[in-house]
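# Dropping the sequence and predicted coords here.
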Amino acid sequence: MSSLLIAGYEFHSRLFTGTGKYASADAMMDSLTASESELVTLSLRRMDLKNHTDNILQPLQQHGIKLLPNTSGARTAKEAVFAAELAREALETHWVKLEIHPDPRYLMPDGMETLLAAEELIKKGFVVMPYVHADPVLCKRLEEVGCQCVMPLGSPIGSNMGLASRPFLEIIIEQSRVPVIIDAGIGAPSDASLAMELGADAVLVNTAMAVAKHPAQMGKAFRLAVEAGRMAYESGLGAKRIQAQATSPLTDFLGALS
Amino acid sequence: MKIVLNDVPYEFTGNTLEDLLNELGKSQQGIAIAINQQVVPKSVWCATKLNEQSQVFIFESIAGG
């Protein structure tokens, strides 16, 4: 299986992960370890000065996994740029998962604000990984302004509805000159496998691993699914056809019996 | 001095941002700070003095997807 390059950084795993929704830091680390993921997302918030927060940063840093802060909570380009600058200080990385979703119900990404923020962040030297609708036109625009990859959604965040946007993902994959990472909605390893078989460069999975009854085992299941899907893609899948095409030669060797 | 910390009035006895974190008992890891809507680089926290009514926001990294 080939490795994946983003902004000159080489990933051996094509499974990117999130840290949200795990029952504990231990469950998260077990799951991430089993997944063999090399990139994990984190969020920022105003510090809770009254309560102690479970420290997930230390085990992640000890593990050595690359950290990818997101701009979740930003509703405009201006807020997202501010969040990215804060994240750069907090986590000492100039990589950012750019996500701007003003609507808390469906968490639909705002494409116009995302494009504006991407342009500004790229000028400021960030490696921008934009989370967007499966919109082929927007993905090309983001590529043109210098995004190092695009992250179109399969279906709404946390919905487990899989690749509802499949026809558009296929167009994005065909057209893109930067890596395409399918993010959001991947609910089962089979969804991840399908994304990889379609030619996606990577997938990002959070909810499906975090809320599983056995997060570590689910982490491994996703690892295997992503590897299988990518291997199948690289091996070359056969074309689909309506008519049967015999696998065994149809000779007339039983003809004499009738 | 009286500052505003994460939107709440706060009585601060030190001088710098570093003093503030020490007073709060917070590690510098995974944290970002903004004063009056400007991000303050970690490298200058020890030299950044707070003033009366400074609007300070401290952010921390948490789990997220």
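That came in fine, so what should we check first? Numbers count the residues shown, from 1 in each chain, chains lettered A, B, ... in the order given.
# show me what contacts the residue in chain B that chain A sits nearest to?
Across chain B, no residue is closer to chain A than B:Gly64, which sits at 2.7 Å (Cβ to the nearest Cβ). Using the backbone N, CA and C atoms, a C-beta is placed for each residue, glycine as well. Neighbouring residues of B:Gly64 by Cβ atoms under 8 Å, 6 or more residues apart in numbering or on different chains: A:18-20, A:41-43, A:70, A:72.
# Of these, select the buried ones using a PyMOL command.
To isolate the buried ones among the contacts of B:Gly64 in PyMOL, judged by 16 or more other Cβ atoms under 10 Å in any protein chain shown, type:
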select buried, chain A and resi 18+19+20+41+42+43+70+72
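# so which strand or helix has A:Ala17?
You called it Ala, but residue A:17 is Thr. Assigned by DSSP states H and E, A:Thr17 falls within strand A:15-18.
# That strand: what's the following helix or strand?
By DSSP H and E, the next helix or strand past strand A:15-18 is helix A:25-35.
# Other residues contacting that following helix?
For helix A:25-35, the surrounding residues in contact (Cβ under 8 Å, 6+ apart) are A:13, A:15, A:17, A:19, A:22, A:40, A:54-56, A:59-60, A:63, A:65, A:205, A:209-210, A:212, A:215-220, A:222-223, B:63.
# what about the residue nearest the centre of chain A, distance to chain B?
Centrality entry for chain A: nearest residue to the mean C-alpha point is A:Leu204, 2.3 Å, by Cα atoms, centre = their mean. Taking Cβ to the nearest Cβ, to the nearest Å as the measure, A:Leu204 falls 8 Å from chain B.
# That residue looks like it's in a strand, true?
Yes: counting by DSSP: H, G, I helix; E, B strand; the rest coil, A:Leu204 is found in a strand.
# which parts of the stretch 151-258 of chain A sit against chain B?
Selection of the stretch 151-258 of chain A residues close to chain B by Cβ under 8 Å from any Cβ of the partner chain yields A:157-158, A:204, A:206-207.
# Quick one: which of those residues has the lowest pLDDT value?
Lowest pLDDT among these: A:Gly158, with 88.
# ok, and the closest non-adjacent residue to the residue of chain B closest to chain A?
For B:Gly64, ignoring the flanking residues on the chain, the nearest one in space by Cβ to Cβ, 6 or more residues apart in numbering or on different chains is A:Ser43 at 2.7 Å.
# then stretch A:100-118 to PDB, C-alphas only?
The C-alpha trace of stretch A:100-118 is given here as PDB (Å, rounded to 0.1, in the frame of the first residue of the first chain):
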ATOM      1  CA  ILE A 100     -17.000  26.600   9.800                       C
ATOM      2  CA  HIS A 101     -20.600  25.500  10.600                       C
ATOM      3  CA  PRO A 102     -22.900  28.300  11.700                       C
ATOM      4  CA  ASP A 103     -25.900  25.900  12.100                       C
ATOM      5  CA  PRO A 104     -25.800  23.700  15.200                       C
ATOM      6  CA  ARG A 105     -28.600  21.400  14.000                       C
ATOM      7  CA  TYR A 106     -27.100  20.000  10.900                       C
ATOM      8  CA  LEU A 107     -23.600  21.300  11.200                       C
ATOM      9  CA  MET A 108     -23.500  22.100   7.500                       C
ATOM     10  CA  PRO A 109     -20.200  23.700   6.500                       C
ATOM     11  CA  ASP A 110     -20.400  27.300   5.100                       C
ATOM     12  CA  GLY A 111     -18.600  27.100   1.800                       C
ATOM     13  CA  MET A 112     -18.200  30.800   1.200                       C
ATOM     14  CA  GLU A 113     -16.800  31.600   4.600                       C
ATOM     15  CA  THR A 114     -14.500  28.500   4.300                       C
ATOM     16  CA  LEU A 115     -13.000  29.700   1.000                       C
ATOM     17  CA  LEU A 116     -12.400  33.200   2.500                       C
ATOM     18  CA  ALA A 117     -10.800  31.800   5.600                       C
ATOM     19  CA  ALA A 118      -8.700  29.300   3.600                       C
END
